[in-house]
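Colleague: For reference, the sequence and a predicted model appear below.
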Amino acid sequence: MDDERLSSESTMEINSQPASSTSDDIHRRWQGVVKRRSFLSGLGITAAALSAGALLPTESRAQARSSSGRLAHGDVALLQFALWAELVESDLWTQYAELGGVGPSGGGQAQADEEFQGFIGGNPAYNLALQNLDGDMPQYITDNTDDELSHAAFLTAFLRSKGEVPLDLTPFQRLPSSEATGARQIKRITNLMNLSVDLSWYTRYRSGQNPDLGAVFKGPFVIKNQPAIPLNDTDTPPSTNPSIPITGRDAQRIQAIANTAGFHFAFIEQGGASLYPTLAFKATDPTVLRILVSIGGVEIDHFGLWHDKGGNAVSQPLAGVVDPVTGLTFPDLNNPATELTQTNKILPEPCNFINKSLPRCSVIRPTSTQLGGAVATVEAFFADGMFIGQPDEFLELSMNLAVAADSVVRGF
């Protein structure tokens, strides 16, 4: 596979696998939402496929600063969508931390003040399987969870300080939890038990081409309908010891689940790496710009971490693990190692940027509203399967917030 083959791919897929059924479902649900909301009737959503461009209304400069000293409507829309993303991330990362983070006995005094310290790291088999990817995985998961919780809490408080009512997703905490040891039996916003993980980022960041300039990418293999956390103790007994080499049904199953999580971590955080610059381009208030750039930098840091760890699932000695339930195989992407598969090439390859006539530059990509903005983020998260079980009202709320954020124009 080379850059030329990547750029010639004919379908703009949300997932790395054929995604027609997923896209059709999103489109069907969104069309039902549109029919119920008259204010969206002018958006021109008549195409057969859902696209970010079709959802965006005519841009207007409603971003002018308010004489009252409060934030302009556009800046509020940007922060509200950022809060949506952080609430979603907080929910999913808390689930990962409960099952695979640093447990109460493993964090020592340094972890004593973590607000979720009392209920993390509770699934021994999953914890061990994650440590096969990297011995520090539980600590990294704990820290990433802490980061997302802090982002959500800060954005909520900042909006309140400006006289705004922050987004509240509590009414959508309605999805069931895992039944495995370590998982609290509370309602969730996200579903991590049936994921179709987009792996296009893996080849995108190794390529010299840029999706913002028309390149299209497919991932190196397909993850479809796969759990990223253990489902229950029958399927994955907590006493399982997935020691290397990974052999036996139970060890293979829990390792495949942990490997899926490793790639899902990177998928989530590369989305944030693109989203925050896209939002920041639109901000008018200097403090809002500072918030978006500062939080966005942490999301980029997260992506770099998980990009590295995910690659350990598809290199020796873990390469070749097969999920005995779903049949998912984690190939050896170093056999043979190529420019687009080699697992230790984790830094963004210089790529076309702004204009193909300019020298290639190592950058975050995409950062266009169409491909990396709020609507694109909602599309990708729904296609990932994280919201399976949520009602149409959740899609409606998410899309309305996304459309509002993507429509903002910087008001100078």
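Modeller: That came in fine, so what should we check first? Numbering: from 1, shown residues only.
Colleague: Quick check, Val321 in contact with Ala313.
Modeller: Yes: Val321 is in contact with Ala313 according to CB atoms under 8 Å; the separation is 7.4 Å. (C-beta placed from N, C-alpha, C; glycine too.)
Colleague: list residues touching both of those two?
Modeller: Taking CB atoms under 8 Å, 6 or more residues apart in numbering as the contact criterion, the residues that touch both Val321 and Ala313 are Asn259, Phe330.
Colleague: neighbour-wise, which of those two wins?
Modeller: Using other CB atoms under 10 Å as the criterion, Val321 and Ala313 rank with Val321 on top: 27 against 23.
Colleague: which parts of stretch 361-380 are buried?
Modeller: Along stretch 361-380, these residues count as buried under the neighbour rule (16 or more other CB atoms under 10 Å): 363-380.
Colleague: cool, and stretch 91-103?
Modeller: Neighbour-count burial for stretch 91-103 flags 91-103 (criterion: 16+ other CB under 10 Å).
Colleague: from the residues you listed, which has minimum pLDDT?
Modeller: Model confidence across the buried residues of stretch 91-103 bottoms out at Gly103, which has 65.
Colleague: How are the helices of this protein distributed by residue range?
Modeller: In the chain, helices defined by DSSP state H lie at 3-7, 20-36, 52-55, 73-100, 124-133, 137-161, 200-204, 249-280, 286-311, 369-372, 374-383, 392-406, listed in chain order.
Colleague: quick revisit: which member of the buried residues of stretch 91-103 is positioned nearest Pro230?
Modeller: Leu99 (6.6 Å; CB to CB).
Colleague: Tell me the spacing between the closest one and Lys162.
Modeller: From Leu99 over to Lys162 the distance is 37 Å, taken as CB to CB, to the nearest Å.
Colleague: can you check Phe263 too?
Modeller: Noted for Phe263: a distance of 38 Å to Lys162, by CB to CB.
Colleague: Between these two, point out the one with more neighbours.
Modeller: Just comparing Phe263 and Lys162: by other CB under 10 Å the higher neighbour count belongs to Phe263, 29 against 17.
Colleague: That one is in contact with Lys309, isn't it?
Modeller: No: under the criterion of CB under 8 Å, Phe263 lies out of contact with Lys309, with a separation of 9.3 Å.
Colleague: before we move on, the earlier item: and of the helices of the chain, who's closest to Val216?
Modeller: For the helices of the chain, distance to Val216 was read as CB to CB. The smallest value, 6.8 Å, belongs to helix 3-7.
Colleague: So for that closest one, mean pLDDT?
Modeller: Here the mean pLDDT over helix 3-7 is 39, rounded to a whole number.
Colleague: low pLDDT regions in the stretch 1-150 of the chain?
Modeller: Within the stretch 1-150 of the chain, the segments meeting pLDDT under 70 span 1-68, 103-120.
Colleague: 90 instead?
Modeller: Of all residues in the stretch 1-150 of the chain, those with pLDDT under 90 make up the ranges 1-70, 102-122.
Colleague: Pull the number of nearby residues for the closest residue to Gly182 other than its chain neighbours.
Modeller: The shortest distance from Gly182 to any non-neighbouring residue, by CB to CB, 6 or more residues apart in numbering, is to Gly122 (2.7 Å). Gly122: 20 surrounding residues under other CB under 10 Å.
Colleague: next one: phi and psi at Gly122?
Modeller: In this entry, Gly122 is assigned phi and psi values of phi -100, psi 10 (degrees, to the nearest 10).
Colleague: can I assume it is in contact with Gln95?
Modeller: No: the pair Gly122 / Gln95 is not scored as a contact, 11.2 Å apart, by CB under 8 Å.
Colleague: so what sits against both of those two?
Modeller: In the contact map built from CB under 8 Å, 6+ apart, the residues linked to both Gly122 and Gln95 are Ala183.
Colleague: if I look at Asp143, how far off is Asp136?
Modeller: In this structure, Asp143 and Asp136 are 10 Å apart, going by CB to CB.
Colleague: Those two: who's more crowded?
Modeller: A direct count of neighbours by other CB under 10 Å for Asp143 and Asp136 places Asp143 higher, at 18 against 14.
Colleague: Now do Glu179 against Leu149, distance only.
Modeller: Glu179 sits 24 Å away from Leu149 when distances are taken as CB to CB.
Colleague: between those two, who's got more neighbours?
Modeller: Taking other CB under 10 Å, Glu179 and Leu149 do not tie; Leu149 has more neighbours (21 against 14).
Colleague: distance between the ends of stretch 361-373?
Modeller: One end of stretch 361-373 to the other measures 21 Å (CA to CA, to the nearest Å).
Colleague: Now that stretch: average pLDDT?
Modeller: Stretch 361-373 comes out at a mean pLDDT of 97.
Colleague: same thing with stretch 166-185?
Modeller: Per-residue confidence for stretch 166-185 averages out to 96 on the pLDDT scale.
Colleague: Would you work out how far apart the start and end of that stretch are?
Modeller: Taking CA to CA, the span from the opening residue of stretch 166-185 to its closing residue is 27 Å.
Colleague: same deal with stretch 318-331?
Modeller: Where stretch 318-331 begins and where it ends lie 9 Å apart, using CA to CA.
Colleague: give me every residue that touches the residue nearest the centre of the chain.
Modeller: In the chain, the C-alpha nearest the mean C-alpha coordinate belongs to Ile268, at 1.9 Å (CA atoms, centre = their mean). Residues in contact with Ile268, defined by CB under 8 Å, 6+ apart, are Glu89, Leu92.
Colleague: Against Glu299, how distant is it?
Modeller: As defined by CB to CB, Ile268 lies at a distance of 9 Å from Glu299.
Colleague: Equivalent analysis for Gly411, please.
Modeller: Following CB to CB, the distance that separates Gly411 from Glu299 is 25 Å.
Colleague: ok, these two, which is more surrounded?
Modeller: Set side by side, Gly411 and Glu299 show unequal neighbour counts under other CB under 10 Å, the larger going to Glu299 at 25 against 18.
Colleague: That one and Ala266 touch, don't they?
Modeller: No: taking CB under 8 Å as the contact criterion, Glu299 and Ala266 are not neighbours in contact, 11.6 Å apart.
Colleague: Appreciated, that's everything.
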